[in-house]
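*Asks:* predicted model and sequence below, questions to follow.
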Amino acid sequence: MTPNGSPQWHTVSVDEVLQHLEATPSTGLSEQEVERRRSQYGSNELAEEPGRSLWSMIWGQISEPLILVLIVAGLISGLMGEIVDTFVILAIVILNAVLGVVQENKAEQSLAALKKLSAPEARVIRDGHTRQIPASQLVPGDIILLEAGASVPADARLIEAVNLKCEEAALTGESVPVDKTVDPVVEEKVGLGDMVNMVFSSTTVTYGRAKAVVTATGMNTQIGKIADLLQTTEQETTPLQRKLAELGKVLSWLALGLVVVIFFAGLLRNEPPFEMFMTSIGLAVAAIPEGLPAIVTIVLALGVQRMIKRNAIIRKLPAVETLGTATVIASDKTGTLTQNEMTVARMYVEGQHIDVTGNGYEPKGDFSIAGKELGAEDKAALELVLTAGALANDAHLEKGETGYDMIGDPTEGALVVAAEKFGLTAPELNGTWPRIAELPFDSKRKRMTTFHRVPAESKFAPVIGTEVVAFTKGGPDVLLSLCDRIYRNGEIVPLTEDEKAALLDVNLQMAGDALRVLAMAFRPWDQVPGSEDLTFETVETNLIFLGFAGMIDPPRPEEKLAVKQAKQAGIRPIMVTGDHKATAVAIGQELGIIEPGDAVISGPELDAMSDDELREKIKRTGVFARVSPEHKVRIVEALKANNQVVAMTGDGVNDAPALKRADIGAAMGITGTDVSKQAADMVLTDDNFATIVSAVEEGRTIYANIQRAIQYLLSCNVGEIITIFSAIMLGLGRPLTAIQILWVNLVTDGLPALALGVEPPEAGIMDRPPRDPKAGVFSGGVGKRIALQGLMVGGLTLIGYYWALSTRGDMTLARTVAFGVLAFSQLVHSFNMRTSSQPLLKAGIFGNKWLNWAVVASAFLQIIVMTVPAFESIFDTVTLGWKEFQVVALLAIMPFVLVESVKWITTSKEA
Ligand code: ADP
Ligand code: MG
């Protein structure tokens, strides 16, 4: 909502806008004021489409054709006098529907929770502090900060804009970024695309940075006004889900065909037509794996929740499956393999190495040369280098309650902290050397420049000699090639090629010690170049070299193990970094990413390579150094051309194309830009390489669990069909009533199948190579096992039935025995699913507590319907004698004995 009588924001001056919104750019709103405004304007969210109603969900469950047929059949039963049957069938249908709805709800809720987790954030100034908050908490009048890669969190009027460009395709359809300025637009009636002093929610910043005041939030934003067109988010399905949906159809028709055959076979065998019809319908309902898609969704959803606990947020569900097939993880170095808590440890100024002490971002530490304190001359030179580093810088050091917080790029933060150790604080420096223009950092140029007014009283004013100075910092090799002079003994002197080469050697030496090295330079200007000339080609040349700062960025302690695990699991880690080759190699070796014989390719070398050449070389490359985001796309392409399944990390604006191209794009949750997160399949909330490896493990586990549930359900269904089909064919009558079949299907299949879906990772799941993405769910012996194990369950039930029928001659008793064997053998069989080849007696039988409970609960229910007299009449059962009980128990335990024996035999043969 814009306050009543608010002006057309784009037509008036910044001051008027601020006055109207009662906002102060330097301090922002106070928290009390924010609270007040939030109660007035609501939260900054687009209204969600209401979810499906309970009734429509229940109807969705019941309106399946077969279920309808079942209901009708139940009603007919009633008309024919079997009132109890009618109620039992209806009860089963309802129970089934409720279970289905609960499952569906659970799946939907967890997916909705996921969406919340990847909700956008905003950087805002409140109470005089810069902080990162969920974008939903913004209110009109909030002062927000934007930078390249951010998605604009609300509609806002620009207060300050530096080279700002926004991509507004979501609103205007125009995909070319728009240049933004702060000046008022005179015309009132212009299109959104021409309101160049405004930024709009849901668009993205592609370049530069800005400060802006929020003018509209939530549904009052421009995107909110058209949001009802956008809110219908299609639920994404995974390839497996789609394949299973298709498979389900095929299986349904197959089962249906069989049931029809069974029905007519029964008629030919003189079974009573109506009972035969009921049994066939019951069998059809039971045999069709209608619960499979729901179970798969739940297993996926639960798996995704487990991944969240391990710091990976899945943005696109299909990624879960792809993760299990990953063969390469191409990872950034800085912050992903390393801690990204940079600390300047060594500087190189005027031919001398200066050691810097201190840890992290706490600005406490000393400077020394070979253990000795610095002399006055050393200090003077160092001061200018530190000043340059702290000024060509956008990071802020904030003193929090528990310690120091760095807001911004850690590389820059390290320089701010180093300067402060020397007594130069960034806010003060920025006060005396006001910034008047800049060329922001981008990872292709690998440098940035800021222009400052030179304070007349500064001791450096005479050397600089002009009123304006440009400070440039960036990668040493890049920067040195742009320098032609050097600052030495307080003078500016020419830089010879030999000296340059010597400086490059120093850089190499520092980088070889795993230091991330940045160089600082400056150049005097009479005035800031006009906007025509404010380009890096004109500005970043003829620079005067100042010195190097080398920062340590230690590897995260867990990465060495993660790299090892990845390799063990047949996944090749590759480091892709903008940093110098020597730094990258030092870290790569430390982590075990590079092994003897592995190649290292630099960005320029990559540029010189053809695609084919790259395809060949990449097979043995462990590190790509000094690369730009554009190179990442080529790296992904080359790997994919070699049939690799590639996970690739990224954080910057320009990483988006590579993230999209990769099979699994992984964005950084902490340091990543909004643009990269939106392009990614997965967000790592801890920016950690090891998290990708954990996610792969979860991905493999989820797929294995889905296979377990499928194998279990289908082998049980095959067992049911075989039992009835063979009995009818052999002229043994109907071994189970419709209600018995429906019961087994509902109670003994459903719960264990779900429990199998949350099976913990099987031992050794990360010791085998990745799954072949082209292999179907039935590969690896799953299809064969379904058939054989179905035969087993069916055979055992049939044996029980035949035994009772032939020795006791009582149909009801024989059915009760069959009912018991079918239900209990399936429950026992569910434990077999826990391992595919390893014997359970070795792996532990009861390791999945969910399965234990599911089986106990199902068994309990089954015992009740077989023993409590009231249920006996409903389920058409009789109490079994001791002998019958023994037979049921013996047959029910057989699935374990048989399958376990096979496991022992096959594993001992392999060993
Ligand atoms: P990475 O973080 O993997 O090194 P980047 O693309 O962020 O990759 O950076 C590339 C190079 O640019 C860095 O190695 C460093 O030399 C330089 N650099 C990084 N950040 C900055 C910055 N804020 N200002 C100037 N130069 C930078
Ligand atoms: Mg970086």
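*Replies:* Thanks, I have it. Residues are numbered from 1 along each chain as shown. Ligands and ions are numbered 1, 2, ... in the order given.
*Asks:* give me the three-state assignment for Leu146.
*Replies:* When the structure is reduced to helix, strand and coil (DSSP: H, G, I helix; E, B strand; the rest coil), Leu146 reads as strand.
*Asks:* measure it to Lys180 for me?
*Replies:* Separation of Leu146 from Lys180 (Cβ to Cβ, to the nearest Å) stands at 10 Å. Quick note: C-beta positions are derived from backbone N, CA and C, even for glycine.
*Asks:* got any residues that touch both of these two?
*Replies:* Shared between the contact lists of Leu146 and Lys180 (criterion: Cβ atoms under 8 Å, 6 or more residues apart in numbering) are residues 164, 199, 210.
*Asks:* what parts of this structure come near ligand 1?
*Replies:* Residues of the chain found near ligand 1, taking Cβ under 6 Å from any ligand atom as the criterion, are 332-334, 409, 411-412, 441, 443, 446-448, 473-475, 518, 577-579.
*Asks:* just the strands in the stretch 451-600 of the chain please.
*Replies:* If you assign secondary structure with DSSP state E, counting those that start in this stretch, the strands in the stretch 451-600 of the chain sit at 468-474, 483-488, 491-494, 515-525, 543-552, 572-576, 599-602.
*Asks:* average model confidence for the longest one?
*Replies:* Spelled out, that is strand 515-525. The pLDDT scores in strand 515-525 average 97.
*Asks:* quickly run through the sheet partners of it, with directions.
*Replies:* strand 468-474 (antiparallel), strand 543-552 (antiparallel) (DSSP bridges).
*Asks:* do the last one as well
*Replies:* Partner strands for strand 599-602, per DSSP bridges, with pairing direction: strand 621-625 (parallel).
*Asks:* which of the residues of the chain next to ligand 1 fall within helices?
*Replies:* Where the residues of the chain next to ligand 1 overlap with helices, as defined by DSSP state H, the overlap consists of 411-412.
*Asks:* show me what contacts the spatially closest residue to Lys333 that is not a sequence neighbour?
*Replies:* Taking Cβ to Cβ, 6 or more residues apart in numbering as the measure, Lys333 lies nearest to Thr577, with 3.8 Å between them; neighbours along the chain are not counted. If you count contacts by Cβ under 8 Å, 6+ apart, Thr577 has them with 332-334, 583-584, 623-627.
*Asks:* neighbours of the one residue in the stretch 751-900 of the chain that gets nearest to ligand 1, how many?
*Replies:* Among the residues of the stretch 751-900 of the chain, Pro770 lies closest to ligand 1, at 26.4 Å counting by Cβ to the nearest ligand atom. Close neighbours of Pro770, defined as other Cβ atoms under 10 Å, add up to 19.
*Asks:* test my guess that Val285 contacts Leu746.
*Replies:* No: with contact defined as Cβ atoms under 8 Å, Val285 and Leu746 do not form a contacting pair (9.5 Å).
*Asks:* with neighbour numbers in mind, choose between those two.
*Replies:* Neighbours around Val285 and Leu746, counted as other Cβ under 10 Å, are more numerous at Val285. The numbers are 26 against 21.
*Asks:* between the contacts of Thr577, which is nearest Arg126?
*Replies:* Sorting the contacts of Thr577 by how near they are to Arg126, with Cβ to Cβ, puts Thr334 at the top with 29.8 Å.
*Asks:* Provide a list of residues in contact with the residue nearest to the closest one when sequence neighbours are not counted.
*Replies:* For Thr334, ignoring the flanking residues on the chain, the nearest one in space by Cβ to Cβ, 6+ apart is Asn340 at 6.0 Å. For Asn340, the contacting residues are 334, 410, 553, 671, 687, by Cβ under 8 Å, 6+ apart.
*Asks:* ok, the fourth one to Gln678 distance?
*Replies:* Yep, that's Thr671 we're talking about. Separation of Thr671 from Gln678 (Cβ to Cβ): 15 Å.
*Asks:* do the last one as well
*Replies:* To Gln678, Asp687 is 17 Å away according to Cβ to Cβ.
*Asks:* any chance of TSV for the strands paired with strand 515-525, columns mean pLDDT and mean neighbour count?
*Replies:* As requested, the strands paired with strand 515-525 are exported to TSV (pLDDT from 0 to 100; neighbours: other Cβ atoms under 10 Å):
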stretch	mean pLDDT	mean neighbour count
strand 468-474	98	25
strand 543-552	97	26
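*Asks:* could I get the ones you listed as JSON lines with distance to Ala245?
*Replies:* Formatted as JSON lines, the entries for those read as follows, by distance: least, Cβ to Cβ, whole Å:
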{"stretch": "strand 468-474", "distance to Ala245": "53"}
{"stretch": "strand 543-552", "distance to Ala245": "53"}
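*Asks:* looking at the nearest residue to Phe819 once chain neighbours are set aside now. What's its pLDDT?
*Replies:* Nearest residue to Phe819 in three dimensions, chain neighbours excluded: Gln740, at 4.8 Å (Cβ to Cβ, 6+ apart). For Gln740, the pLDDT comes out at 93.
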